[in-house]
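Trainee: Any chance you can model this:
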Amino acid sequence: MANGKKGFILYADQKELFDQLANDKAGELIKHIFAYVNDENPVSNDLVINIAFTPIKQQLKRDLQKFERAIKQRSNAGKRSAEVRKEQQEATKSTSVESRSTKSTDTVTVIDTVIDTVIDKGIVKGTDKVILKEAVLKKNKNSKEFGKPEINELISYLKEKGNLKTLDGSMVKNRQMCQLLINKIKKENSQARPVDGIKLIIDHGMRDKFHSNNMTSFQYLYNHSNAIIKSIKKNNGQDLSEYRKELNRRLSS
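Mentor: Take a look at the predicted model:
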């Protein structure tokens, strides 16, 4: 029996086999089974016991293999869960550092609110938002752009491509998931420029009807980045290997 396995299963349909045995033989068979599952390697010279035990032994082996597969799957799932928690902690730490490195986040938040209000009233077009924000920040010498430039760039890019005023979920959550996605691209290609790779994924995702309707946060983009790449071959007819060549070219250029 495998380490950590404290029990085994006898099945209801095996009762028929025991019913065909005399009581003394049925008792011997049960003892033989317990000796086997406790790794005592029992040997019987009784032909009846050996014949009766053979199908039970085969089923016990199948059950043991199923148990070992389940243990392996749980172990792999636990390792993956630990990796995800570590990535989330790193992203949270990164976001926290961004917040501390900014002297006045309140000023930037007010600027964003004012700009959105101006756009909503039609005073300037949505495409002028970035230009307007840069002008206001430049004028206000005490203000700085909040957070990592690459995260800001990607958030702006997703909003622009999705024609979104705001992303679903909190800003902190979107910045965390954006950082996780950057880490994911870096892990897959250490020589990559992750911003270009993520922009490419956003571009292709927006061409897909399903993903374009749901791509409203970096939580979605992180969870479905692999599916977006796979959907290219199905929806656009583009060979997946050619897409990967294009992705690697843009990441490494």
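Trainee: CA only for contacts and neighbour counts going forward, please
Mentor: Fine.
Trainee: Next one: the residue nearest to residue 41 when sequence neighbours are not counted relative to residue 7, how far apart?
Mentor: Nearest non-adjacent residue to residue 41, counting by Cα to Cα, 6 or more residues apart in numbering: residue 35, 6.8 Å away. For residue 35, the distance to residue 7 (Cα to Cα, to the nearest Å) stands at 13 Å.
Trainee: Residue 43 too?
Mentor: Residue 43 is 21 Å from residue 7, by Cα to Cα.
Trainee: Next: residue 41.
Mentor: 17 Å.
Trainee: got it, and residue 30?
Mentor: According to Cα to Cα, residue 30 and residue 7 sit 14 Å apart.
Trainee: Who has more neighbours out of those two?
Mentor: The residue with more neighbours, out of residue 30 and residue 7, is residue 30; 14 against 9, by other Cα atoms under 10 Å.
Trainee: For that one, pull up the helix or strand it's in.
Mentor: Using DSSP states H and E, residue 30 sits in helix 23-37.
Trainee: what sits up against stretch 195-203?
Mentor: With Cα atoms under 8 Å, 6 or more residues apart in numbering as the test, stretch 195-203 has contacts from 150, 154, 157-158, 161, 181-182, 185, 221, 225, 228-229, 247, 250-251.
Trainee: repeat for stretch 27-43
Mentor: Residues contacting stretch 27-43 (Cα under 8 Å, 6+ apart): 1, 8, 49, 52-53, 57.
Trainee: Could I have the buried ones of those as ChimeraX selection syntax?
Mentor: Here is the ChimeraX command that selects only those of the contacts of stretch 27-43 that count as buried (16 or more other Cα atoms under 10 Å):
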select :49,52,53
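Trainee: which strands and helices sit next to the following helix or strand past the helix holding residue 30?
Mentor: Next along the chain after helix 23-37, taking DSSP H and E as the criterion, comes helix 47-101. Applying 3 or more Cα pairs under 8 Å, 6 or more residues apart in numbering; DSSP states H and E, one finds that helix 47-101 contacts helix 23-37, helix 171-188.
Trainee: from those, which stretch is densest packed?
Mentor: Stretch with highest mean neighbour count among the helices and strands packed on helix 47-101: helix 171-188 (a mean of 19; mean count of other Cα atoms under 10 Å).
Trainee: Helices of the stretch 151-253 of the chain, residue ranges please.
Mentor: Assigned by DSSP state H, counting those that start in this stretch, the helices in the stretch 151-253 of the chain fall at 171-188, 194-207, 209-214, 218-231, 240-252.
Trainee: and the closest residue to residue 53 other than its chain neighbours, what pLDDT?
Mentor: Nearest non-adjacent residue to residue 53, counting by Cα to Cα, 6+ apart: residue 29, 6.9 Å away. On the pLDDT scale, residue 29 is placed at 94.
Trainee: Roughly how far does residue 70 sit from residue 64?
Mentor: Applying Cα to Cα to residue 70 and residue 64 gives a distance of 10 Å.
Trainee: All set now, cheers.
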